[in-house]
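Student: Give me coordinates for this.
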Amino acid sequence: MKTRLIAAADPDRLETWARYSNGLCRDCRATCCTLPVEVRIEDLIRLGVADAFERAEPAKQVARRLQKAGIVEHFNHKREVFTLTRLANGDCLYLDRTSRLCTVYAKRPDTCRNHPQIGPRPGYCAYQPKSATR
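Tutor: From the prediction side, this is the model:
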């Protein structure tokens, strides 16, 4: 199997992102898990942090509760989109610090399920090799 060298991307500079290919995630330090993750109520229900009955509640009320719980850091009232909290180092709250793997992979939000087909640069990812340090 041929190994190809890919330069480490700067998540804030889209032009440095690598074209996504199968297997790229295996050697990445999960840089995509440091980007803001926008979710909807269905994602929150799948994650188990919101109840199905909360679909009928005002989204603003759900957002307030989840902000107090430290799960949501922002809520866009107009679009009814929640942004998951990131830790001080920028990691998603569901990213394991040691393994750099998602702790809720089976229940992950649609944004994560569809990355990199959707996102700031569709078809590309902010690849950083595991050996790279931040």
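
Student: so who does the nearest residue to R108 once chain neighbours are set aside touch?
Tutor: In space, and not counting its chain neighbours, R108 is closest to C102: 5.8 Å by CB to CB, 6 or more residues apart in numbering. C-beta: built from backbone N, CA, C; applies to glycine. Taking CB atoms under 8 Å, 6 or more residues apart in numbering, we find C102 in contact with A30, C33, C92, Y94, L95, D96, R108, C112.

Student: how many other residues sit next to the fifth one?
Tutor: For L95, the count of nearby residues is 20 (other CB atoms under 10 Å).

Student: Could you pull out the helices in this structure for me?
Tutor: Counting by DSSP state H, the chain has helices at residues 41-47, 59-68, 110-113.

Student: Can you measure across stretch 64-73, start residue to end residue?
Tutor: Distance across stretch 64-73, first residue to last, is 10 Å (CA to CA, to the nearest Å).

Student: now do stretch 29-36
Tutor: Start and end residues of stretch 29-36 are separated by 16 Å (CA to CA).

Student: Stretch 99-107 too?
Tutor: End-to-end distance (CA to CA), stretch 99-107: 18 Å.

Student: can you check stretch 13-23 too?
Tutor: One end of stretch 13-23 sits 22 Å from the other (CA to CA).

Student: And for stretch 11-28?
Tutor: End-to-end distance for stretch 11-28, by CA to CA: 13 Å.

Student: And it, how far out from the chain middle?
Tutor: Centre-to-centre, stretch 11-28 and its host chain are 14 Å apart (CA atoms, centre = their mean, to the nearest Å).

Student: So for that stretch, what gets flagged as buried?
Tutor: Using 16 or more other CB atoms under 10 Å as the test for burial, stretch 11-28 gives P11, T16, W17, A18, Y20, C28.

Student: How many neighbouring residues does C33 have?
Tutor: Using other CB under 10 Å, C33 has 23 other residues around it.

Student: Roughly how far does it sit from Q128?
Tutor: Separation of C33 from Q128 (CB to CB, to the nearest Å) stands at 11 Å.
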